[in-house]
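> Sequence first, then the predicted structure:
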Amino acid sequence: MWSLKGQIITIALVLAGGIACFISLRGTYLSLEDARSAYYDRYRFADVFARAERAPEELIEKIEALPSVEVVESRIVEEVTIPIEGLARPAYGRLLSLPSGRPPATNDLFLRSGRLPARGREDEAVVLEAFAEAHGLEPGARLPVVINGRLRDLRVVGIALSPEYVFAIRPGALADDPKRYAVLWMDRATLASAFRLEGAFNDLTLRLQSGASERPVCFALDKMLARYGGVGAVGRDGQISNRILVQELSQLRALAGMVPLIFLGVAAFLINLVLARLVRLERPEIATLKAVGYSNCEIASHYLGLVTVVVVPGILVGLAGGFLLGRNVLGLYAKSFRFPDLDFDLSPSLVVSAIAVTVLAAVGGALGAVRGAVKLPPAEAMRPPAPARYRRGIVERLGLSAFFGPSGMMVLREIVRRPGRTLLSSAGMAGAIALLILSRFGWDSITTYFEGTFRREQRQDLTVAFARPVDPRVVGQLARMPGVTMAEGLRAVPVRVRHEHRMRDSILMGLADEATLRRLITRGGGHEVEVPKEGVLLTKTLGEILHLEVGDRPLLEVREGARPTVRPVIAGFIDESIGLQVYGRADLVAALEGDTGAVSSVLLKVDRQKLDAVESELRRSPHVIDVSDVIADMERLFDMNASIMNVWTAISVVLSACVVFGVVYNNARINLAARSRDLASLRVLGFSRREISAILLSGLAFEVLLALPVGVVLGRYWAQSFMSTVDQETFRWQVFVAPRTYLLSVAVATLAALASALWVRRSLDHLDLISVLKSRE
Amino acid sequence: MLSKTYRMGEVDVRALDSVNFTLDRGELLVLLGASGSGKSTLLNILGGLDVPSAGRVFFGGRELTDADEDELTDYRRRSVGFVFQFYNLIPSLTARENVALVTDIADNPLDAEEALALVGLADRLDHFPAQLSGGEQQRVAIARAIAKRPPVLLCDEPTGALDSRTGILVLEVLERVNRELGSATALITHNAPIAEIADRVVTLADGRIQSERRPGRVVHARDLTW
């Protein structure tokens, strides 16, 4: 066993890598999933969410009477700005009402510290933990908030978490930004008075009876709220925090299923390789044991027992590594996804399943070799194994043997004689290369989109969003602000698109004629698409969902105001990366809304030197609910993800290198053991060390060279398959693998292969040339 | 005077003890001795595979005992042909390719086909070792050893793994290549009758040269029996 220590260590490391990935990814997934379901359950996360402009409180009774509805909570939800002193750019927030004197029936708060606002206290607020942490707010701190155009000095009385804001992101933002996005809760009566919504509500959350479907309830709610400015009810899958969380969980689950398989598959293959070699070496011992009466079962269990030498350290290192890695990965998630209790749970069932999967892989790998030992008749085992059979093949038939020379033919015939081993070795290494590509492609795709297409789509520096659509003259006013070089209005209207029995909620974007700041760019070729003069343009995916074709006239229902409907002709589709949109000319939207071209946001091109001045000027306007700096948002997105990406890359590099090192090292050792007599003979005949090294390592080089393109293609394929697990209605990143990622993957594999080959090569210096003269094959 | 001492655990084993020895150009020398007599150690030193504990070895005017690893490799590559007891053919190469292994790295080699024809295997060029008999395999090994036209041909028990009929065939081949190529051939054996084919016979016992003689009448290999 001692002579196999290098092989045992490398295989144990590959196994450990598999277990560590399994434990960390699956463990993180389970910890998050458990935390989510416990949190949702305990804090009564709603099943259905609906918005309206102003609906009377009496409606609640009717809603409660709807089939499947268990409980209804009405509330007031409004957008506010938070002009914190010293913050260069204003923070924005969402203010929600809490029922006076009782905990909410849905979406209850988990108080990290402090208490809920007291009944009738107009200045008390509870603040979302992420925002409070970002600003160092504690209960007792003061917070300036502009509520319905009036600046109020609020007192923070509690720091809380909400199942509704596990992931809190400013609507329309590229990344979460706890410093600039707040969620606040205040007493219902205070908000009712501030927004003149006494006896009324503008937001509704419902919990349904267990197992009930959301759809009929949403449908009924839409009907009931239509006359009160309802903008369409959504289920949990339409709730942004939950949607992002579910999305993340499904990606994590997919990774947890895919990644460990590479390691365990490679480990099984290596165990098979080494054990088969051991069985060949120990033929005489097996024969003797069988001759003296040992049963096949005893021999099989002896060899299976040897597997424990690899499995036990592999499991121990893997469990420890998995736990540490899992805690760190979960820590990364915990920065953005907030739960009352989120601990990495190394549950007994997780450990047992990791051990079971590992043992299964190891035993699966060992079985083939053990079967060889069991099937060996004692009499045959006494004799040395039959010499390997070689045949002349295609190379000779093509007359290429002279080209390769005898040394080349030695290498080629070994490859041809064991095509399975060659292919499996290459497949293992290809898996390692693909793993690295898989770990980095998301980042490549996103950065490429943002650095390329996104900046071509959105050329503005600032996006100014208004609480309600404003007169188009505002565009001109903003254009005249000092520092602003260009201004363009944009109208976004929530719509429901229906075609036959299918429907989807979408946004109708009215773009200004000859819009230059907001353009439509396809994700494939990156070419620009004009907004048609007549009809509308649809996101290609939306067209596919609704089975629409050019020339069709789907029904567009506006989900606000008087809820007008229109049947515009579809002029074309645009294959874009984010969301499901309908684009039309601004006049089409104005006609639909029956106004003079009101805008819901204005895009500004600003002299970057004067950006802060423009922002603070805009902040003064009570109608502005958000000003976002596109470049700063993008940079923030990159900064936040770059550090996570670096951690992932480092982990993937180590794991991939382990796999490649393990495969090359074990193959090289086995080749060396099997061919040391040949190589020593060649040395006696006058071959130099370099020449015999080339013969030994060329076969491995071939396996690596085969693995490189296969790994690159496999990595791309995995990236594509992984992308298909991403919610296609939200993101459709064009899968892009940057040249640097290909280079990194190939370099890691090549260097790991080279390192292990050189490690083994040292053994060639110690070949016993003398014993070979006397040794029988 | 060559000496070679091996350390085996606590004990020093003297494999060669003050041996003074020459191998002359073109001669066929048989080193005769029982197992453990030191003949293999002597052959290994002559072949540049081992170094003596004391004494000096010369090949032509070149001192081998001073040579480093690369020089010894070069010496084996250009000047020495080896024939092993168990043939040591590369199983994945045909007879022709096994010989070509050596002709590819030699300076002025015979064609692989020519070398195989010289040992009577012109019709077995494309056979793999596993498809050849023991005698045929040893003849391929001889073809491989002589294909580089080595000044020195070292044969370590070349008939040791063969029956007497096949062994005689192999000795005939060695006799012929010694005659035709003029390589100084040292053949070690424990099989006394083989000594009859030698120009000179050196008998070793306990690491020392016990006797050295030139047989009065050289017997052809085909006339041997054992």
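Yes, it's here. Residues are numbered from 1 along each chain as shown, chains lettered A, B, ... in the order given.
> does A:Pro532 count as helix, strand or coil?
coil (DSSP: H, G, I helix; E, B strand; the rest coil).
> Let me know the pLDDT of it.
pLDDT for A:Pro532: 86.
> same check, this time on A:Gly711
So, for A:Gly711, pLDDT stands at 95.
> Over to the one 4 residues further on?
The predicted structure scores A:Gly715 at 94 on the pLDDT scale.
> do A:Ala12 as well
90.
> cool, A:Ser3 as well?
Confidence for A:Ser3, expressed as pLDDT, is 66.
> and if you look at A:Asp629?
A:Asp629 carries a pLDDT value of 84.
> now swap in A:Met382 and tell me
69.
> Then the one 5 residues further on?
Per-residue confidence (pLDDT) for A:Pro387: 70.
> So it, which state does it fall into?
Classified using three-state DSSP, A:Pro387 is coil.
> B:Leu116: what's it in contact with?
B:95-96, B:99, B:122, B:124-125, B:140, B:143 (Cβ atoms under 8 Å, 6 or more residues apart in numbering or on different chains). In this view, the C-beta of every residue, glycine as well, is placed from N, C-alpha and C.
> at 6 Å instead, please
B:95, B:125, B:143 (Cβ atoms under 6 Å, 6 or more residues apart in numbering or on different chains).
> mind listing what's buried in the helix or strand containing it?
Take DSSP states H and E as the rule and B:Leu116 turns out to sit in helix B:112-118. By neighbour count on 16 or more other Cβ atoms under 10 Å in any protein chain shown, the buried set for helix B:112-118 is B:112-113, B:115-116, B:118.
> mean confidence for whichever helix or strand comes after that helix?
Heading C-terminal from helix B:112-118, the first helix or strand you meet, by DSSP H and E, is helix B:134-146. Here helix B:134-146 scores 91 as its mean pLDDT.
> Now do the closest residue to A:Glu64 other than its chain neighbours, the pLDDT please.
Setting aside the residues directly before and after it, A:Glu64 is nearest to A:Val72 in space (Cβ to Cβ, 6 or more residues apart in numbering or on different chains), at 5.1 Å. pLDDT recorded at A:Val72 is 96.
> any idea whether A:Val72 is helix, strand or coil?
A:Val72 ends up strand, using three-state DSSP.
> Any buried residues in stretch A:454-464, and which?
So for stretch A:454-464, counting by 16+ other Cβ under 10 Å, buried means A:454, A:457-464.
> Relative to chain B, which of the residues you listed is nearest.
A:Phe454 (57.6 Å; Cβ to the nearest Cβ).
> could I get the buried residues of helix B:112-118 as CSV with pLDDT?
Output for those, formatted as CSV (pLDDT from 0 to 100):
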residue, pLDDT
B:Ala112, 93
B:Glu113, 93
B:Ala115, 91
B:Leu116, 93
B:Leu118, 86
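> Can you read off the pLDDT for A:Leu773?
At A:Leu773, pLDDT is 66.
> what's the answer for A:Glu122, then?
A:Glu122 is given a pLDDT of 89.
> burial measure for it, as a count.
A:Glu122 has 16 neighbours, counted by other Cβ atoms under 10 Å in any protein chain shown.
> again with A:Asn328
A:Asn328 has 14 nearby residues by other Cβ under 10 Å.
> Name the nearest residue to it, ignoring sequence neighbours.
A:Val647 (7.3 Å).
> three-state assignment of that neighbour?
helix.
> export stretch A:322-340 as CSV, just CAs?
Extracted C-alpha coordinates of stretch A:322-340, given in CSV (Å, rounded to 0.1, in the frame of the first residue of the first chain):
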residue,chain,number,x,y,z
GLY,A,322,-17.2,21.0,2.4
PHE,A,323,-18.3,22.4,5.7
LEU,A,324,-15.8,25.3,5.6
LEU,A,325,-16.5,26.0,1.9
GLY,A,326,-20.2,25.7,2.5
ARG,A,327,-20.1,28.2,5.4
ASN,A,328,-18.2,30.6,3.2
VAL,A,329,-20.5,30.2,0.2
LEU,A,330,-23.6,30.6,2.5
GLY,A,331,-21.9,33.7,4.0
LEU,A,332,-21.7,35.2,0.5
TYR,A,333,-25.4,34.5,0.0
ALA,A,334,-26.2,35.9,3.5
LYS,A,335,-24.9,39.3,2.4
SER,A,336,-27.7,39.7,-0.1
PHE,A,337,-30.4,37.2,1.1
ARG,A,338,-31.5,38.1,4.6
PHE,A,339,-33.1,35.5,6.9
PRO,A,340,-33.7,35.6,10.7
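> List the buried residues for that stretch?
Per 16+ other Cβ under 10 Å, stretch A:322-340 contains these buried residues: A:322-323, A:325-327, A:329-330, A:333-334, A:336-340.
> From those residues, which land in helices?
Taking DSSP state H as the definition of helices, these contribute A:322-323, A:325-327, A:329-330, A:333-334, A:336.
> Next, format the residues you listed as TSV and append pLDDT.
Putting those into TSV (pLDDT from 0 to 100) gives the following:
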residue	pLDDT
A:Gly322	94
A:Phe323	94
A:Leu325	92
A:Gly326	93
A:Arg327	93
A:Val329	89
A:Leu330	92
A:Tyr333	89
A:Ala334	90
A:Ser336	86
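> Tell me which strands the longest strand along chain A pairs with, and in which orientation.
For chain A, the strand reaching the highest residue count under DSSP state E is reported as strand A:484-499. Strand A:484-499 has the following sheet partners, assigned by DSSP bridges: strand A:502-511 (antiparallel), strand A:555-558 (antiparallel), strand A:599-606 (antiparallel).
> which residues make contact with the first one from outside it?
This points to strand A:502-511. Counting by Cβ under 6 Å, 6+ apart, residues outside strand A:502-511 touching it are A:232, A:491-493, A:495-497, A:518, A:531, A:545-546, A:580-584, A:586, A:589.
> same thing but at 8 Å, please
Against strand A:502-511 from outside (Cβ under 8 Å, 6+ apart): A:232, A:234, A:238, A:490-497, A:518, A:531, A:536, A:539, A:542, A:545-547, A:556, A:558-559, A:579-590, A:592, A:729.
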